[in-house]
Structures are given as structure tokens and as C-alpha cells.
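**Student:** Got a predicted structure plus its sequence, pasted below:
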Amino acid sequence: MVAAIYPGTFDPVTNGHLDLIVRASSLFDRVVVAVAFNQAKKPLFTIDDRIALMEQSVSHLPRVDVIRFDSLLVTCALEQQVSVILRGLRAVSDFEYEFQLAGMNRHLSPELETMFLTPAEKYGFLSSSLIKESSALGGNVSKFVPRHVQKALVEKFRKGK
Ligand code: ADP
């Protein structure tokens, strides 16, 4: 059995993230989506909201679990008994950071392999930050996030006004 962990801030989950999760769920026996607490990034959504939005987004995928994580990624990966860390690569701009992260994780835990997947071309430019910026200014992001995420964004920015 080969299991993978897909860590991220997911603030909020986008169709790009989900594209990767669907691809991964056909490659691995189990995919653990690990939603990072990551207070340093000052997320728009609370950890509980980010987990709830992710859970609703992957509820139709039988081999996918969602967990919260606020420890070292490799510690979490070992606790979850996975052997692969999964990350997404969109453009060359992602490469340098992801390469460094993979190198550090290999140093910390050589038995874990980092693997990269690329999303469908139409999601290659998509990021949670861009979604938040567009939504904050009233942009329609319905093509890029699930409907419940779009509702949560509208609600969040309506409250903020
Ligand atoms: P982090 O703070 O860990 O970068 P993100 O939620 O921004 O968290 O991203 C989690 C992972 O998903 C990263 O590997 C990132 O490159 C990848 N990712 C983000 N957006 C997309 C997308 N549109 N398509 C594919 N991968 C993506």
C-alpha cells in the first residue's frame, strides 16, 4: 500500500488543488490532505474553516482523508505512515521554493520521497492568493473554486465591509 501526504495552507482550497488531489487519488492507495495551521501566513480563513471547506470538497473521493497539521511536515508524514510527500508545480516560479523544500525534507527524513504533479493547463495560473484578491474586489471566481468555497468567500468579504 502506497500512501501520500499533500500538505498546504489551502486558504481556501481551489480547483487547482482539487485537480491534483483527484490525480493523486488514482495513483495512491490513500491520500492524506494535511491542512497547515500556518499562522505565519496570516490566513483569511481559520484552520477549522479551511478543513471544513476541504472536507466538503473531497467528500466524494473514497481514498482521501483530511487532517489538520501544525507540527513538522516529516513528523506528520511518519505519524500518518505515508511514504510520499506530494506537492504541486504550476510554473517555473514554483520550482525554486519547492526544490528547497524537497531538499530540506529529504535531509530531515531520507525515507520520504517528494513527488510533484502538475494540474490541468487551465489551472496552471491559479492560486489561493489570486482567488482572495479577486473575490475581495467583487470578481467572479466561480470557475476556479467549488460553489461552497465561493459562498464562503462572498460571505467573508461581505462581513469585512
Ligand atoms: P503552501 O502554503 O504550502 O504553498 P498552498 O495551499 O498555497 O500551500 O499550496 C499547496 C500546494 O499546492 C503547493 O505545492 C502548491 O504549489 C500547490 N498548488 C497551489 N495551487 C495550485 C494549482 N492551481 N495547481 C496545482 N498545484 C497547486
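**Tutor:** Looks like it arrived, so ask away. Numbering: from 1, shown residues only.
**Student:** Please pull out the lowest mean pLDDT helix or strand from this protein.
**Tutor:** helix 147-160 (a mean of 91; mean pLDDT, DSSP states H and E).
**Student:** Packing partners of that helix?
**Tutor:** Counting contacts by 3 or more Cβ pairs under 8 Å, 6 or more residues apart in numbering; DSSP states H and E, helix 147-160 packs against helix 47-58, helix 128-136. Yep, even glycine has a C-beta here, placed from its N, CA and C like the rest.
**Student:** just the ones you listed: most buried one?
**Tutor:** Mean neighbours per residue, mean count of other Cβ atoms under 10 Å, is largest over these for helix 47-58, with a mean of 19.
**Student:** in the least confident helix or strand of the chain, what's buried?
**Tutor:** Across helix 147-160, burial judged by 16 or more other Cβ atoms under 10 Å covers 149-150, 152-153, 156.
**Student:** Restricting to C-alpha, output the longest helix anywhere in the chain in CSV.
**Tutor:** Looking across the chain with DSSP state H, the single longest helix is helix 92-108. Only the C-alpha atoms of helix 92-108 are listed here, as CSV (Å, rounded to 0.1, in the frame of the first residue of the first chain):
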residue,chain,number,x,y,z
VAL,A,92,8.9,27.7,-13.2
SER,A,93,8.3,30.2,-10.4
ASP,A,94,7.2,27.4,-8.1
PHE,A,95,10.3,25.4,-8.7
GLU,A,96,12.9,27.1,-6.6
TYR,A,97,10.9,27.1,-3.4
GLU,A,98,9.6,23.5,-4.0
PHE,A,99,13.1,22.3,-4.7
GLN,A,100,14.5,23.8,-1.5
LEU,A,101,11.6,22.3,0.5
ALA,A,102,12.1,18.9,-1.0
GLY,A,103,15.8,19.1,-0.2
MET,A,104,15.1,20.0,3.4
ASN,A,105,12.5,17.3,3.9
ARG,A,106,14.9,14.7,2.4
HIS,A,107,17.6,15.9,4.8
LEU,A,108,15.1,15.6,7.8
